[in-house]
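Q: With the sequence up front, the predicted model follows.
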Number of protein chains: 2
Amino acid sequence: MERALVLFAHGARAASWALPFQRLREITAAARPEVAVSLAFLELMTPSLPDEVAALAARGVREVTIVPVFLGQGGHLLRDLPALLERLRTDYPGVRFASVPAVGEDPGVLAAMAAYCAGALPD
Amino acid sequence: MERALVLFAHGARAASWALPFQRLREITAAARPEVAVSLAFLELMTPSLPDEVAALAARGVREVTIVPVFLGQGGHLLRDLPALLERLRTDYPGVRFASVPAVGEDPGVLAAMAAYCAGALPD
């Protein structure tokens, strides 16, 4: 696999926090069997994004697309992720990096969340 | 309106962070026009959950359902939200409070996020 999707999440102290992200990775990987789909975390959980990219590059991956699994676009995506990306592009000149808007910006995700919220209160 | 849905999110320093949550509130409110739908934040943004509940109780709301708009179930939902809820139940004995699992636990939300992630990389 020369191409990879990295689902980039915040991380937390509680191990249980990662469960929905692991399910998300499994569902995404099933939808794109020809692509390497992995998780990476900003903090508190492993692997970090640089460690995950190092592992992918060592396996011969030459194209990495990063999907921020965040709801809002705060300092982590406005500053931390661009800084990480700049560093990765310097460290891996043979790898092409791309990133997309946060999952919380997607209309389909917003519609699914709204359906869940609206259903949280019985009629 | 005697019933309320409160979408409870983390909060952030960047004002832009709140935009998807505001859209989520609007879509949810359109789906449940007979219910008061509002946002409240754990930190860094206003209103806080206690301030929002105070405003709702003052308007005569007697049933409040809290939907955590979080992806993972970490310390904020395992400890902070239960502590807030316990305090609210003490402070407002005439109001019935309920809470549901985080939006990130919902299969429909996970499916929508996976579709977005899978589509982030062109074929």
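A: Received, thanks. Residues are numbered from 1 along each chain as shown, chains lettered A, B, ... in the order given.

Q: Tell me which stretches of chain A form strands.
A: Using DSSP state E, the strands found in chain A span residues A:3-9, A:36-41, A:63-68, A:96-99.

Q: Next, format those strands as a markdown table and append distance to chain B and mean neighbour count.
A: (C-beta placed from N, C-alpha, C; glycine too.) Output for these, formatted as a markdown table (distance: least, CB to the nearest CB, whole Å; neighbours: other CB atoms under 10 Å in any protein chain shown):
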| stretch | distance to chain B | mean neighbour count |
| --- | --- | --- |
| strand A:3-9 | 5 | 24 |
| strand A:36-41 | 8 | 21 |
| strand A:63-68 | 5 | 22 |
| strand A:96-99 | 8 | 15 |
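
Q: can the ones you listed go into a markdown table with extra columns for mean pLDDT?
A: Below are the strands of chain A laid out as a markdown table (pLDDT from 0 to 100):
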| stretch | mean pLDDT |
| --- | --- |
| strand A:3-9 | 97 |
| strand A:36-41 | 98 |
| strand A:63-68 | 97 |
| strand A:96-99 | 96 |
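
Q: Out of the ones you listed, which gets nearest to B:Pro82?
A: strand A:3-9 (23.2 Å; CB to CB).

Q: What is the closest one packed up against?
A: If contacts are counted by 3 or more CB pairs under 8 Å, 6 or more residues apart in numbering or on different chains; DSSP states H and E, strand A:3-9 sits against helix A:19-31, strand A:36-41, helix A:49-58, strand A:63-68, helix B:107-118.

Q: Not counting that strand itself, show me its contacts.
A: A:18, A:21, A:24-25, A:28, A:32, A:34-42, A:45, A:49, A:52-53, A:56, A:61-70, A:81, B:71-72, B:117-118, B:120-121 (CB atoms under 8 Å, 6 or more residues apart in numbering or on different chains).
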